[in-house]
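**Q** sequence-free structure coming up:
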């Protein structure tokens, strides 16, 4: 799309963005999703970076969103190297594969670099994110908390040529959500049936 407008998310957008996020992730990685609750909770957490919270619009319609939060690479000696991560990155199903997500990623990465952040990491598709300059975390010696570095863990320096080796430590928001939390939050949205589909990562 050539007419995508990107602007900061505003409080009046919150529910629309949560609905969009729910639509974007429903049944993708598991039956239902929890990314809309992540977005809801992230905004009120100290790790949230509101200056890197953007929506994409087609006219007046919100069709995409990207959020960033503070993270760190914990080096072997315990030193914390501050970086950022992004996610959820949500695009309404009607607008997927039309460049909306790419526009949000490129715009927000430019802003993150301008703000002086040293690097960015994410967990996402290894077929999609290398186009923006992301490389496997293993190239830098970066692992998750269990010491693994799958193809889905990627990183990119913003203010230097390299990132230190260590363990990627993300905000607690991503790990504190329970199925009961999701069920209660989902009850505030229109009912929707969950499906177990081939290719889902989680049961």
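**A** Looks like it arrived, so ask away. Being a predicted model, the structure only gives us computed values, none of them experimental.

**Q** The residue nearest to residue 129 when sequence neighbours are not counted: neighbour count?
**A** Distances taken as CB to CB, 6 or more residues apart in numbering put residue 154 closest to residue 129, at 5.4 Å, once the chain neighbours are dropped. (Each C-beta comes from the backbone N, C-alpha and C, glycine too.) Neighbour count for residue 154, taken as other CB atoms under 10 Å: 27.

**Q** Point me to the residue sitting closest to the centre of this protein.
**A** residue 87 (0.9 Å; CA atoms, centre = their mean).

**Q** mind checking the SS state of that residue?
**A** What DSSP: H, G, I helix; E, B strand; the rest coil gives for residue 87 is strand.

**Q** Not counting residues beside it along the chain, what's closest to it?
**A** Closest to residue 87 by CB to CB, 6+ apart is residue 122, at 6.0 Å.

**Q** For the one you found, give the beta-bridge partners.
**A** Residue 122 has these beta-bridge partners by DSSP bridges: residue 154.

**Q** so who does the residue nearest to the centre of the chain touch?
**A** 38, 67, 122, 123, 124 (CB atoms under 8 Å, 6 or more residues apart in numbering).

**Q** got those as TSV, with pLDDT columns?
**A** Putting the contacts of residue 87 into TSV (pLDDT from 0 to 100) gives the following:
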residue	pLDDT
38	97
67	98
122	93
123	89
124	87
